[in-house]
Structures are given as structure tokens and as C-alpha cells.
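1. Predicted coordinates and the sequence they were generated for:
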Amino acid sequence: MEIIELYNEDNEIEEYYLQDSFGIEDEDYVVLKSIDKEDEMNYIYKTHTNDKGELIFEGIESDKELNDIVEIYLELKENDVSKGGDSNGFR
């Protein structure tokens, strides 16, 4: 599993497993899970590339947008599982 390193608010590096990536319309998203075994949450970030070609992870500020994205992601995963894929993701 690929490990992603992100800086938190305190400018400290946190490590996450890349669980999934998906696109909706013109937006791309990733689902990350902390490598910290005590943190059982999954995190969704919007991604885009800046002018330097660097991949940027952007938090989703709107609760409505986040809820909509989670709902779509769960539907995508449900369809994937029904077609023989794995069931990783939000629970």
C-alpha cells in the first residue's frame, strides 16, 4: 500500500495509506487512512496539480460537499464490490 506524507497544522509530517482515488465530474479525490492504528477514520481530500506540477491535497471545507462526496464514494465502492472488487473504504 502506498504511503502519503502530509504536513498538519503544526507543520509536522503525518503518514497515511492511500486507500483509494476517484474522480467526480472535473474533480479528483483520494481516500487516506492514517498509519496510526488508533486512528480508524478515513479522510477524503480533493486533489489538484499546482503550476509547478506538484500534487496538492485540499481539505473539503463544506459539510454538504463532504457528505455528497462520501455518499458518491460509497455508491462507487458498493458497485465495485458487486462486480468482484474489494470492500476497502469508509465504513
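-> Perfect, thanks for sending it. Predicted model, so just to flag it, every value in this text is computed and none were measured.

2. And what about N67, helix, strand or coil?
-> helix (DSSP: H, G, I helix; E, B strand; the rest coil).

3. what about it, how many residues close to it?
-> When neighbours are counted by other CB atoms under 10 Å, N67 registers 11. C-betas here are computed from N, CA, C, even on glycine.

4. what about E71, neighbour count?
-> So E71, with other CB under 10 Å, has 11 neighbours.

5. other SSEs contacting the helix or strand that it is a member of?
-> Using DSSP states H and E, E71 falls within helix 63-82. Under the contact criterion of 3 or more CB pairs under 8 Å, 6 or more residues apart in numbering; DSSP states H and E, helix 63-82 touches strand 13-24, strand 27-34, strand 42-49.

6. least trustworthy helix or strand in this protein by mean pLDDT?
-> Every helix and strand in the chain was compared by mean pLDDT, DSSP states H and E; the lowest is helix 63-82, with a mean of 89.

7. tell me how far that one is from the chain's mean position?
-> 11 Å (CA atoms, centre = their mean, to the nearest Å).
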